[in-house]
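Q: Compute the structure for the input listed below.
(chains A and B)
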Amino acid sequence: MADTPPFRYVGKHRRAVEHRRFVTGQGRYAADIRLPGLLHVAIVASPHASARILSIDTAAALAMPGVHAVLTGEEMQPELDPMLPGVDAPEVRRFPLARGIVRYAGEWVVAVAAETRAIAEDAAELVEVEYEPTPHVVDPEAAIHPGAPLVHPAHGSNVIFRREFVWGPVEQDFTAATHSLSYRVRWSRSATVPIETFVCTSAWNDATGILDVWASIQMPKFPDLLARCLRLPGNAVRVHFDVDVGGSYGVKRGLKHAILVGYLARRLGRPVRFLEDRLENMRGGDMQGPDRIFDVALAFDGDGTIRSMRMRALDDVGAYSGRAPLQLGKPVGAIVGPYTIGSVAYEAISVLTNKTPQEAVRGFGQSPTNYAIEIGLDKVARFLGLDRIELRRRNLIPADRFPYLIPSGTHYDSGDYAAVLDKALAAAPYAELLRQRDALRAEGKLAGIGISTCLEPSGGNSSFEPLFNPKNTTTTWMDSCLVRVDLSGAVTAVMATSSSGQAHETLVSTVVGEVLQRHPDSIRVIHADSLNALPSNSPVGSRMAIMLGGAAAGAAKRVRAKLLRIAAHNLGVAEAELGWEDGSAFVMTDPSRCLTWARLVEIAHREFHSLPPGMEPGLQEKFVWEVPTGGMLPTPDGRIQMYPCHSFEAHVVLASIDPETGKVALHRYVVGHDCGVMISPDVVHGMTYGGVAHGLGAALMEKFAFSPEGQLLSGSFMDYLLPSAQEVPAITIVDHCTPSPLTEFGQKGSGEAGYLGGPAAIASAINDALAPEGAAVDALPMTPAAIWRALRAAMVARTEPVREPA
Amino acid sequence: MSAPTSPLATVEIVVNGTRRRAVVEPRTTLVDFLRDHLGLTGTHVGCEHGICGACSVLLEGDPVRACCLFAVQVDGMSVTTVEGLAPARGQLSKLQDAFCEAHALQCGYCTPGMLIACHDLLARNPHPSEAEIREAIGGNLCRCTGYQQIVDAVKLATGQGAAHG
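A: Numbering: from 1, shown residues only, chains lettered A, B, ... in the order given. Down below sits the predicted model:
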């Protein structure tokens, strides 16, 4: 690692604060919350992709002992406001329970609340729902044709969002370029699939008028959205952010779950819980990810210089929309990847179909786009007979051109892409990989090397909201922290969201310890609830190292500044004459004149007579800060600074394929990674390993497959395959550090690391392995069956003579 | 007409060395029994169809999926859960300690099952190779770690070096 400033705690190995409770079974997840009188919910879901609900008979279910409510959409909807989409489509209304019409198989129709989950399930079996199936559409390309069945007739179209952006002289660049090629790639529907499903427990108090909520969520503005949908003032909903969330990586939104449970708790005057089982989670949990068809054209010269790109991305968001269409917006901020592509035309189309709704997935749409770009780089190299690494070198943004403005209006803050690629190749080492690949080929295996060089935007700004919805003028995307020093001198930091494995308590205590020069292990970090929290936007968009880290540092610096003022006042010197070490202030020219931490705290809390005139007593400071580079609306032609910071990853992979079965094995996996200064290297590496594994799943194994009738075919872990330790290879990470000029310590985000370049690299390796056979796979996941079919098709093409038309 | 039989069953097991008893419906799974009736929420539920391994516990010393057993099936038997892995209250087992040191977890949800699988491995094989470690945890799914630091932790616990990070 180069150029890391000297820190005492930042960047050092440190045990995560959170681990001790997790390894001893003392975590506190939402399902561990036990309230007296708790009722349990079971769901009756639609068996049809599209149908009218003719009647619902709840009598038998209601008559069962132990059943407290059997709720329908008919009853519930008039008392709620709808969940609205992130784009301007007010007729695409969404409620927890269907009313009159069901739009996907698995959609919630009836909710039963009972003394136990088992009774609730028994009663749910007794609910009679009569449906009349109506025409449905599950293919996104069919859905945009005129005459396709409309998922939301009131919206008037299945296209919920469509915009074509042109940034720069695309036409001229395509005309001037020596070559162009076009291709189609398919990113299939997968998701992060956390091992914990959604859980929400709520309790309503008639006397206080407060709805308490414990939920496994990771969602920006969740308390506000929940209160609005329940038609409650914001101060009537108290979301407890101190529950441990069992993984999320984007998907744990769970708004409809919380609305349903909150509604029932208020109506019944009893605490209510809904805990999804796995099948409910996969089908009706509304957490499936991007599902895209990319049509891409690249214009390039004979030397490999890529001048321009046209990209059309058609994304199937399923039957209802939350923030899903915005996942086509975030990639605008890295639409040229790490390359000097001079102009881009980008058409983003979001389509409604009769499938499970899409939700945010790690990278918020960036990994599919990175995959689509990287496949193109490999195709250009193959077309020109150029080495894929050399082609990348010729197109990577040079290190001396940062900050670098890309055509769509985002400045990349800093980077040295060639250096990171070189480090990854050296670690492989690449020459050895080539030798191994050829040895595998000599054994009769198909073997290939994969390369990807991908952007990892971080710092989670909301710029895609106004970009994709002119009525949305949100430019604020702050985060915050409060630091308090108590009478004993102990430090407590308060953060404002729940965590789902990102070790935020470790992050905050490290940062506050660094600023105050107090040992991080002595610093307590707590998660507020939404009624006493400072404003936050939750850990999305790889933002917390930057935003929470920055807020924690800001609050700690205010505490330090206050203590220095107290010291200056009491020592009779100017603040500029003071130094700060180990939490004590001293006169730099005479260090024997000092005030210790204990003494300063004593003055702040107990000796008003020793405080500088006008100073508030006590010792706590908050810091709320706007995302760096944020605060701007897009230009009329759709240029915008998307995220502030830009991490980078270069993957190098050696893969082999068994030609008889199509089964893939990964023999070597190296990631060169630059996310600036790492505050907690162990955490960054952990996320990167995990991101690679998740990318492997998306590339090779995971798919929410639907039948032509709109039935989910992979709703269990027997069909939706998650990578195990047997599939994920040993991974080597090579760090590099180009500090961000925009952040407190030079850090960038890394929560999406590994996943943003992994699928592209694995696809690259598979296609390198298939190339000698004349085969290629341009759709994910590249399952053994898909690879076998590609090999078979290539063999047939080779052996069958081309028939001339008669 | 015979009298209806009681729908409830009494189950008594020894959990983490302590004899515990509860009256449950026969359809209660072992994991629900542990969590809901005995208050041992350290064991987690991930899939309820025996794939993810989050609910793993040791039954008579052998790892099992607690979601795929009924409590009544284990009546009279001994069960070890994640709460019972540490040698004493306030301490950590060598593996638990190594998991913390090597950052072998993130969200912690699969961790109890992983620890059970690894404790079982080390009971059978004190010096496992990397391939043996991967095989032993092959039935436990983790979505956070990519397994790398879990493998590192097991190596660390067995004196096979492996630096943190």
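Q: By proximity to chain B, which residue of the stretch 351-500 of chain A wins?
A: A:S500 (5.5 Å; CB to the nearest CB). Every residue, glycine included, has its C-beta placed from N, CA and C.
Q: what's the neighbour count on that residue?
A: When counting by other CB atoms under 10 Å in any protein chain shown, one arrives at 28 neighbours for A:S500.
Q: excluding its backbone neighbours, what's nearest A:F745?
A: Closest residue to A:F745 apart from its sequence neighbours, by CB to CB, 6 or more residues apart in numbering or on different chains: A:V677 at 4.9 Å.
Q: quick one, what contacts that neighbour?
A: For A:V677, the contacting residues are A:T4, A:P5, A:V10, A:G11, A:C737, A:P739, A:S740, A:F745, A:G746, A:Q747, by CB atoms under 8 Å, 6 or more residues apart in numbering or on different chains.
Q: How about residue 93: what's its closest non-neighbour residue?
A: All of this is about chain A. Computed as CB to CB, 6+ apart, the closest residue to A:R93 that is not its neighbour in sequence is A:P82, at 4.0 Å.
Q: Oops, wrong one, chain B.
A: Nearest one to B:S93, counting by CB to CB, 6+ apart, is B:L85 at 5.0 Å.
Q: any idea what the closest residue to chain B within the stretch 201-350 of chain A is structurally, helix, strand or coil?
A: Chain B sits closest to A:G246 of the stretch 201-350 of chain A, with a gap of 3.2 Å, by CB to the nearest CB. What DSSP: H, G, I helix; E, B strand; the rest coil gives for A:G246 is coil.
Q: can you tell me which residues contact it?
A: So A:G246 contacts A:Y29, A:P194, A:I195, A:E196, A:S216, A:S500, A:G501, B:H44, B:C107, B:G108, B:Y109 (CB under 8 Å, 6+ apart).
Q: any chance of these in CSV, plus pLDDT and distance to A:G37?
A: As requested, the contacts of A:G246 are arranged in CSV below (pLDDT from 0 to 100; distance: CB to CB, whole Å):
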residue, pLDDT, distance to A:G37
A:Y29, 98, 21
A:P194, 98, 29
A:I195, 98, 29
A:E196, 98, 24
A:S216, 97, 21
A:S500, 97, 28
A:G501, 97, 31
B:H44, 98, 24
B:C107, 98, 29
B:G108, 98, 29
B:Y109, 98, 27
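Q: Those in helices, which ones?
A: Residues of the contacts of A:G246 located in helices (DSSP state H): none.
Q: What residues sit buried inside the longest helix along chain B?
A: What stands out as the longest helix in chain B, according to DSSP H, is helix B:111-124. Across helix B:111-124, burial judged by 16 or more other CB atoms under 10 Å in any protein chain shown covers B:T111, B:P112, B:G113, B:M114, B:L115, B:I116, B:A117, B:C118, B:H119, B:D120, B:L121, B:L122.
Q: separation between B:T28 and A:W477?
A: According to CB to CB, to the nearest Å, B:T28 and A:W477 sit 46 Å apart.
Q: just B:L59 next, same as before
A: B:L59 is 50 Å from A:W477, by CB to CB.
Q: what's the answer for A:A496, then?
A: When A:A496 is compared with A:W477 (using CB to CB), they lie 13 Å apart.
Q: just A:H736 next, same as before
A: 28 Å.
Q: just to revisit the earlier point, Provide the backbone phi and psi angles at the residue of the stretch 351-500 of chain A closest to chain B.
A: phi -130, psi 50 (degrees, to the nearest 10).
Q: for it, what are its contacts?
A: For A:S500, the contact set (CB under 8 Å, 6+ apart) comprises A:P194, A:S216, A:Q218, A:D244, A:V245, A:G246, A:G247, A:S248, A:Y249, A:K252, A:P539, B:C107.
Q: For the residue in chain B that chain A sits nearest to, give me its contacts.
A: Of all residues in chain B, B:G42 sits closest to chain A, at 2.1 Å by CB to the nearest CB. Applying CB under 8 Å, 6+ apart, we find B:G42 in contact with A:T24, A:G25, A:Q26, A:G27, B:T81, B:V82, B:E83, B:P112.
Q: I'd assumed it was in a strand, is it?
A: No: under three-state DSSP, B:G42 falls outside any strand and is assigned coil.
Q: In contact with A:R273, which residues?
A: Listed by CB under 8 Å, 6+ apart, the contact partners of A:R273 are A:I33, A:L38, A:L39, A:H40, A:V41, A:V199, A:C200, A:T201, A:S202, A:V261.
Q: Going by secondary structure, the nearest residue to it once chain neighbours are set aside is in what exactly?
A: Excluding the flanking residues, the one nearest A:R273 by CB to CB, 6+ apart is A:T201, at 4.2 Å. Assigned by DSSP states H and E, A:T201 belongs to strand A:199-205.
Q: pLDDT on that strand, on average?
A: Averaged over strand A:199-205, pLDDT sits at 98.
Q: Show me what it is packed up against.
A: With contacts taken as 3 or more CB pairs under 8 Å, 6 or more residues apart in numbering or on different chains; DSSP states H and E, strand A:199-205 sits against strand A:210-215, helix A:255-268, strand A:272-275.
Q: quick one, which of the ones you listed is packed in tightest?
A: Across the helices and strands packed on strand A:199-205, averaging neighbours per residue (mean count of other CB atoms under 10 Å in any protein chain shown) puts strand A:272-275 on top, at a mean of 26.
Q: Helix or strand next in line after that one, which one?
A: Heading C-terminal from strand A:272-275, the first helix or strand you meet, by DSSP H and E, is helix A:278-284.
Q: contact partners of that following helix?
A: Contacts of helix A:278-284 (CB under 8 Å, 6+ apart): A:43, A:45, A:105-108, A:193, A:197-198, A:287, A:356, A:704, A:712, A:714-717, A:720, B:46-49.
Q: Okay, helices next: where are they in chain B?
A: B:30-32, B:94-101, B:111-124, B:130-136, B:148-157.
Q: how about the first one, does it reach chain A?
A: Which is helix B:30-32. No: for helix B:30-32, no contact with chain A is found by CB under 8 Å from any CB of the partner chain; the gap never falls below 8.6 Å.
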